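Student: Sequence first, predicted model second:
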Amino acid sequence: MRIRPGLSRPEPPPGHPEEVAEILGAVRRRGDRAVIEFTERFDQAELGPDELQVDPLELERSVGKLEPALVEALGTAIANVQSVAEAQLREPLVVEGEQGQLIDLTEVPVGRAGIYVPGGRAPYLSTVVMCAVTARVAGVRQVAACTPPDPGGMPHPAVLAACVLCEVNEVYRMGGAQAVGALAYGTESVPAVDVIVGPGNAWVTEAKRQVFGSVGIDGLAGPSELVVISGSDADPEIVALDLLAQAEHGPDSLLALITVDEPMLEAVVAAVERLAPQRPSVFDAELRVASVDGPRAALIAAEELAPEHLQLIGKDVEALAGSVRRAGCVFVGPGAGTAFGDYVAGSNHVLPTGGAARFGSALSPATFRRRVARVSLPGEAPARLAPAGAALARAEGFPVHAESMERRA
């Protein structure tokens, strides 16, 4: 791992906008045929015209291929994510206005959600859990997942098993921008969805950007991010392991260490340099480091980055937790490694990146629900509201709006 003084944010990866637009246009025009052609080109997998969807029997058999310990681990993750998601559901409420009008505020789920499960070096079971369980808790009745196939045309069996355990209705063997296009626009085999969620590479992220408006999306996921604010009494080796763990996500990950004293910075850097060569799964990411004058300065520096994950380790910095306003998820104390949030703590690991934690939030049931206002004006409410409403309407040049309200008075 390369050490770099300072806390600047790395340049974002290229988004391939023209290439992605070409792929999306082809999928929109030619449907299944285009998806199959791009799957062969990018994943080296040949699929027949009726093979985009994974057979339900094939899905059921996949659970039996998992080690019992992994099934149990998935059960733990599912239960914890479900309990946190359920706690975020909002009850309907009714607001009565001063003129007698009633506004009934309620949330309704979207009808159909699509989950993008990345391919790559390993199966991303946790993405299935985070997305599918949350959609189910939100009340979505139809949940579809897609994931890239291997050259033999098969998605990873562990991903298929996770889809079964998380009650996904349909699974499609497709990835990349073509999968996002199929979910957004629909094809002969893939019914269109209302919302697309889940992380992916730069091609997938650009595709989500371009289909937004035709469908909803959870956000635009970039490389993983972790900022650690370390106090003077933190364990340098634990801090180093947490930073190295996030470096497993790729060389473009934003990794930053902010300490309140120079000796701790030096100790963590030494631990990183000692431990990294022994861990081949860790990419050669760049670790940005800075020592600042006290906890408040550390928080200001961290919030300038608005990171996906923020860890506070050490008694002199953990008290900052209640003051954090710009981070996707905050991990507090020596026991709260970011890795727990990635898998089993129950908080969602689909988080805003690229500085979007300034305004974005984690994936939640709200991602899959719409708040609807039902308005009723009983009794004298129309007469009480019409004068004010008509005055505003006429000021804006809409006299028939005014007449519509006044007639009810």
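Tutor: Structure received. Quick caveat, the model's predicted, so the values are computed rather than measured.

Student: From here on, just use CA atoms for contacts and neighbour counts.
Tutor: Noted.

Student: Name the SS class of the residue positioned nearest the centre of the chain, please.
Tutor: Nearest to the geometric centre of the chain sits V350, at 2.7 Å (C-alpha atoms, centre = their mean). Secondary structure, DSSP: H, G, I helix; E, B strand; the rest coil: V350 is coil.

Student: Show me the domain layout of this protein.
Tutor: 17-91+108-217, 223-358, 379-408 (automatic domain parsing).

Student: The first one: end-to-end distance?
Tutor: Spelled out, that is domain 17-91+108-217. End-to-end span of domain 17-91+108-217 (C-alpha to C-alpha, to the nearest Å): 17 Å.

Student: Next up, the contacts around A327.
Tutor: Listed by C-alpha atoms under 8 Å, 6 or more residues apart in numbering, the contact partners of A327 are 303, 306-310, 357-358.

Student: Next, format these as TSV and append distance to L243.
Tutor: Output for these, formatted as TSV (distance: C-alpha to C-alpha, whole Å):
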residue	distance to L243
E303	18
A306	17
P307	13
E308	13
H309	11
L310	11
A357	19
R358	22
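
Student: List the ones among these that fall in strands.
Tutor: Residues of these located in strands (DSSP state E): 309-310.

Student: And for R394, nearest residue in space, chain neighbours not counted?
Tutor: Leaving aside its chain neighbours, R394 sits nearest to A402 (6.4 Å; criterion: C-alpha to C-alpha, 6 or more residues apart in numbering).

Student: Now the phi/psi pair for that neighbour, please.
Tutor: Note on A402: backbone dihedrals following degrees, to the nearest 10 are phi -60, psi -40.

Student: do M264 as well
Tutor: Torsion angles, degrees, to the nearest 10, at M264: phi -70, psi -40.

Student: Model confidence at it, what's the number?
Tutor: Looking at M264, its pLDDT reads 96.

Student: And the residue nearest to R394, how close does it get to R374?
Tutor: For A402 relative to R374 (C-alpha to C-alpha), the value is 21 Å.

Student: Give me the more crowded residue out of these two.
Tutor: For A402 and R374, the more surrounded residue by other C-alpha atoms under 10 Å is A402, and the numbers stand at 20 against 11.

Student: Residues contacting the longest helix along the chain, please?
Tutor: Identified as the longest helix of the chain according to DSSP state H is helix 68-87. Helix 68-87 is contacted from outside by 63, 129-130, 133-134, 137-138, 162, 166, 343-348, 364-365, using C-alpha under 8 Å, 6+ apart.

Student: Tell me which of the residues you listed fall in helices.
Tutor: Using DSSP H, these in helices are 63, 134, 137-138, 162, 343.
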